[in-house]
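Student: Kindly return the folded structure for what I paste below:
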Amino acid sequence: MQALTRSRRGSAAVVRRARCILLWAAGERRVDMREKLACNDGFITRWTRAYTEQGLPGLVSFYPGRAPRQPLEKLEARVLNHTLKRKPRDGSTHWSTRKLAAELGDVSFMTVQRIWQKHGIRPHRLRRHMISNDPDFESKAADVIGLYLNPPEHAAVFSVDEKTAIQALDRKDRMLPLSPGRAESHGFEYKRNGTLSLFAALNTRTGQVIGKTSPSHTSEQFVAFLEEVRVSQPHGREIHVICDNVSSHKTERVRAFLQANPNMQIHYTPTYSSWLNQVENWFSRIQRNVIARGVFTSLKDLDKKIMRFIREYNKDARPIRWKYDDPSRRYTADSCVSVN
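Tutor: Numbering: from 1, shown residues only. Below is the predicted model:
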């Protein structure tokens, strides 16, 4: 070891390691060794341990080198196989890059992230879908879509539905308004002042909305709203109403109303196919703009704010450019698969 430190042809790094071992064997303190070798504690620990385990060869062969790289295709297949066909052992519902890297052992989380990004894999995202079990789905959907794309001449087409149980929530604490550097803030505690149902009929040609609030959404209320839709149009005009299959839309009272008004016809959407009803799009708009962050001191206040929104909306209403341009993405019962 001393001959190695006196050598003028050996590696400077190996000479420095040999000096470290000699000082350590001589019982030098770590603080003195750090000063003499200009190193840190990690250097001393690494090479004294290597010498203890392997002797003199450990000073040269301690560095393990780089592990052989896996072929890229095999590595990607391995990562994708774990991601798509296995679940984390800790009971989590989905993988994170760090969890999968720890599971695989020899892959960094950045490598997992790059592979996911390359193949469009996003385990943290969740989308929901609805599958219709209606045996007449195709014919009913074609009927509704035909009314959107090619409505009968001189006829009015309305997309009708009700938004039920709209809560009139009042905040117990005062609201902190929007200001530079701070978002609007509502108090956590709230007071319930009852609920209202909103009946809405969207004119698919003009985009205008006929709205009416009601304390309930019974068949009687639905028929009364259909009467309002009928009188909003010139006498004798053909009216087509698109609505869903809820029980209040198919009662004897509704059938009697349709028999008394032969110029009005109801077209029912397939079961579990609310996305075919254009008024649902408008409901999401009023939910975002009025209801979600609204403060309502009473049911009367809720009704007033909803109807004001409808009046202002109708001043610049535009029809919904609804389309379904990728039939290949339709979910069916046969497309649902489970992965073990």
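Student: Pull the distance from the helix or strand hosting Ile239 to the chain's centre.
Tutor: Assigned by DSSP states H and E, Ile239 belongs to strand 238-243. Centroid separation for strand 238-243 versus its chain: 33 Å, with CA atoms, centre = their mean, to the nearest Å.
Student: tell me which strands and helices it is in contact with?
Tutor: Using 3 or more CB pairs under 8 Å, 6 or more residues apart in numbering; DSSP states H and E, the elements in contact with strand 238-243 are helix 137-149, strand 155-171, helix 219-231, strand 264-268. The way it works is simple: take the backbone N, C-alpha and C, and place the C-beta from them, glycine included.
Student: so what strands line up beside the last one?
Tutor: The partner list of strand 264-268 in its sheet, established with DSSP bridges, is strand 238-243 (parallel).
Student: what comes up buried for the very next helix or strand once past the strand it pairs with?
Tutor: Counting by DSSP H and E, the next helix or strand C-terminal to strand 238-243 is helix 252-260. Using 16 or more other CB atoms under 10 Å as the burial criterion, the residues of helix 252-260 that qualify are 254, 257-258.
Student: What's the local residue count around the closest residue to Gly194 other than its chain neighbours?
Tutor: Distances taken as CB to CB, 6 or more residues apart in numbering put Leu299 closest to Gly194, at 4.9 Å, once the chain neighbours are dropped. For Leu299, the count of nearby residues is 17 (other CB atoms under 10 Å).
Student: Identify the structural domains in this structure and state their residue ranges.
Tutor: 2-61, 72-119, 137-175+184-321 (automatic domain parsing).
Student: Most tightly packed of those domains?
Tutor: The highest mean neighbour count among the domains of the chain, using mean count of other CB atoms under 10 Å, belongs to domain 137-175+184-321: a mean of 16.
Student: one step back: would you reformat the helices and strands packed on strand 238-243 as CSV and include distance to Ala18 and mean pLDDT?
Tutor: Rendered in CSV, the data for those read as follows (distance: least, CB to CB, whole Å; pLDDT from 0 to 100):
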stretch, distance to Ala18, mean pLDDT
helix 137-149, 81, 88
strand 155-171, 75, 91
helix 219-231, 93, 91
strand 264-268, 89, 92
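Student: Which one, of these, ends up nearest to Arg16?
Tutor: Closest to Arg16 of these is strand 155-171 (CB to CB; 70.2 Å).
Student: Hey, what's the angle from the closest one to strand 238-243? Just curious.
Tutor: 40 degrees (axes from the mean of the first three to the mean of the last three CA atoms, to 10 degrees).
Student: mind checking how far strand 155-171 is from the chain centre?
Tutor: Here the centre of strand 155-171 is set off from its chain's centre by 24 Å, with CA atoms, centre = their mean.
Student: what's that strand packed up against?
Tutor: Other helices and strands packing on strand 155-171, by 3+ CB pairs under 8 Å, 6+ apart, are strand 190-203, helix 219-231, strand 238-243, helix 279-286, helix 299-315.
Student: so the fourth one versus helix 299-315, what angle?
Tutor: Comparing the axes of helix 279-286 and helix 299-315 via the same axes, to 10 degrees yields an angle of 110 degrees.
Student: Go ahead and name everything in contact with helix 279-286.
Tutor: Under the criterion CB atoms under 8 Å, 6 or more residues apart in numbering, residues 159-161, 163, 198, 200-202, 209, 274, 306, 309-310, 320, 322 lie in contact with helix 279-286.
Student: Quick check: the two most widely separated of those residues?
Tutor: Ile306 and Trp322 (23.4 Å).
Student: mind putting the domains of the chain in JSON lines, distance to Arg127 included?
Tutor: Shown next, in JSON lines, are the domains of the chain (distance: least, CB to CB, whole Å):
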{"stretch": "domain 2-61", "distance to Arg127": "48"}
{"stretch": "domain 72-119", "distance to Arg127": "13"}
{"stretch": "domain 137-175+184-321", "distance to Arg127": "13"}
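Student: Out of the ones you listed, name the one with the poorest average pLDDT.
Tutor: The stretch with the lowest average pLDDT out of those is domain 2-61, scoring a mean of 84.
Student: chain center to it: distance?
Tutor: That offset, for domain 2-61, works out to 57 Å (CA atoms, centre = their mean).
Student: Would you check that Asp134 makes contact with Pro270?
Tutor: Yes: the criterion here is CB atoms under 8 Å, and Asp134 meets it with Pro270 at 3.9 Å.
Student: what's the helix or strand for Met33?
Tutor: Per DSSP H and E, the secondary structure element for Met33 is helix 30-37.
Student: And for Glu73?
Tutor: helix 72-85.
Student: What distance do you get for Val231 to Pro123?
Tutor: To Pro123, Val231 is 54 Å away according to CB to CB, to the nearest Å.
Student: likewise Val241?
Tutor: 43 Å.
Student: hmm, back to that, for the helix holding Glu73, enumerate the helices and strands it packs against.
Tutor: When contacts are defined as 3+ CB pairs under 8 Å, 6+ apart, helix 72-85 sits against helix 97-104, helix 109-119.
Student: Can you give the distance of it from its chain's centre?
Tutor: Its chain's C-alpha centre and that of helix 72-85 lie 24 Å apart, by CA atoms, centre = their mean.
Student: how about it as CSV, C-alpha atoms only?
Tutor: Provided in CSV are the C-alpha atoms of helix 72-85 (Å, rounded to 0.1, in the frame of the first residue of the first chain):
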residue,chain,number,x,y,z
LEU,A,72,-36.0,0.3,-25.8
GLU,A,73,-38.9,-1.8,-27.2
LYS,A,74,-38.7,-4.4,-24.4
LEU,A,75,-38.5,-1.6,-21.8
GLU,A,76,-41.6,0.1,-23.2
ALA,A,77,-43.5,-3.1,-23.4
ARG,A,78,-42.6,-3.9,-19.8
VAL,A,79,-43.8,-0.5,-18.5
LEU,A,80,-47.0,-0.6,-20.6
ASN,A,81,-47.8,-4.1,-19.5
HIS,A,82,-47.6,-3.2,-15.8
THR,A,83,-49.5,0.0,-16.4
LEU,A,84,-52.4,-1.5,-18.3
LYS,A,85,-52.7,-4.9,-16.8
